[in-house]
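Peer 1: What would the 3D arrangement of this be:
(one chain, ligands or ions: 2)
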Amino acid sequence: MLCMLCNGLTSLEKRCPECGRHLIDAGLLQDYYDNYSAYLPQDIYADGYRCSSELFCVHLFTCPQGHYDVTFKVKRIEEERLMD
Ligand SMILES: [Zn+2]
Ligand SMILES: [Zn+2]
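Peer 2: Ligands and ions are numbered 1, 2, ... in the order given. The predicted structure follows:
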């Protein structure tokens, strides 16, 4: 199972409700928390992991101006389906 976003096969076009700029894919939530885990309380860290599963990959999108951030669950697809 793979995530289309992680593999660069698709992109999400979302805009900040405040300034209308494109939200930046801040990467996998797991990566985000790994990088900053030292600074976050453990319960938030654990939550991030619960969101992600074999069926969904969780991405964090943020406004480049810092107005807004949101997480999206991206449904993973089976690799074989890419060959069709
Ligand atoms: Zn992903
Ligand atoms: Zn903004």
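Peer 1: which outside residues touch stretch 20-27?
Peer 2: With contacts defined as Cβ atoms under 8 Å, 6 or more residues apart in numbering, stretch 20-27 is touched by 5, 11-16, 32, 59-65, 68-70. For the C-beta atoms, the positions are set from N, CA and C on the backbone; glycine is no exception.
Peer 1: residue ranges of the helices in the chain, please?
Peer 2: Remark: helices assigned in the chain by DSSP state H are 29-36, 42-51.
Peer 1: Which of those comes out lowest on mean pLDDT?
Peer 2: Lowest mean pLDDT within those: helix 42-51, a mean of 47.
Peer 1: which stretches of the protein have low pLDDT?
Peer 2: Across the chain, the ranges flagged by pLDDT under 70 are 27-52, 81-84.
Peer 1: Near ligand 2, which residues of it are found?
Peer 2: Neighbours of ligand 2 within the chain, by Cβ under 5 Å from the ion: 16, 18-19, 63, 65, 67.
Peer 1: Any of the residues you listed buried? List them.
Peer 2: Buried positions within these, assessed by neighbour count (16 or more other Cβ atoms under 10 Å), are 16, 63.
Peer 1: what subset of the contacts of stretch 20-27 is also close to ligand 1?
Peer 2: Counting by Cβ under 5 Å from the ion, Leu5 from the contacts of stretch 20-27 sit close to ligand 1.
Peer 1: Many thanks, we can stop here.
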